[in-house]
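# Sharing a model prediction with you, sequence too.
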Amino acid sequence: NSRGTASLLKDSISFTDVSALGLFEGHDLLRRGFTSVKNELLPSHPLEKTEKNFQLNQDKTNFATLRNIQGIHAPLKLQMEFRAVKQVQRLPFLHSSNMAMDILRGNDECIGFEDILNDPSQSEVMGEPHIMMEHKLGLL
């Protein structure tokens, strides 16, 4: 039965995958959170995908509108400014408000959910600065 053999081969893990991941590698609970079998088996809610991509979809709509009104130069200039602002970041263990990005998007005068419930003093991201820098640079 060729179907049975193909399904067995597809579900098996090759030796190179086991050696690359490490046979006794544990789950990093601090970085990845708790594992849940339910999240891996069931598809996510359709609104979850749209909420994750909300800002991207809004930017695309704004760029298309800006292109229709002012021409191709306006969205290209804004995209270059977005890239420049994204490259300038603080160290990973310091909180950043991303004020320049908010100003470019026009969100600097709006009060949102994240402004009230995203207090950096109550953040769970605090950690050892040296370890966080090594992780960001890929040395760890």
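In hand now; what should we look at?
# what's the neighbour count on P75?
Residues within reach of P75, counting by other C-beta atoms under 10 Å, total 19. Every C-beta, even on glycine, is put in place using the N, C-alpha and C of the backbone.
# how close does it sit to M132?
Going from P75 to M132 by C-beta to C-beta, to the nearest Å gives 35 Å.
# Is M132 in contact with F93, as I believe?
Yes - with contact defined as C-beta atoms under 8 Å, M132 counts as touching F93 (4.8 Å).
# Next, the residues that contact the longest helix belonging to the chain from outside, please.
What stands out as the longest helix in the chain, according to DSSP state H, is helix 54-70. Contact with helix 54-70 is made by 50, 74-75, 78-79, 105, as judged by C-beta atoms under 8 Å, 6 or more residues apart in numbering.
# quick one: the helices in the protein?
2-11, 15-21, 29-32, 37-41, 46-52, 54-70, 73-87, 99-105, 113-117, 129-137.
# Tell me which of those helices sits most buried.
The highest mean neighbour count among the helices of the chain, using mean count of other C-beta atoms under 10 Å, belongs to helix 99-105: a mean of 15.
# pull the CA atoms of it into PDB?
Output in PDB follows, covering the C-alpha atoms of helix 99-105 (Å, rounded to 0.1, in the frame of the first residue of the first chain):
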ATOM      1  CA  MET A  99       7.200  57.700  19.800                       C
ATOM      2  CA  ALA A 100       8.700  58.400  16.300                       C
ATOM      3  CA  MET A 101       6.600  55.600  14.800                       C
ATOM      4  CA  ASP A 102       3.500  56.800  16.500                       C
ATOM      5  CA  ILE A 103       4.100  60.300  15.100                       C
ATOM      6  CA  LEU A 104       4.600  58.900  11.500                       C
ATOM      7  CA  ARG A 105       1.400  56.900  11.800                       C
END
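# mean confidence for that helix?
The pLDDT scores in helix 99-105 average 89.
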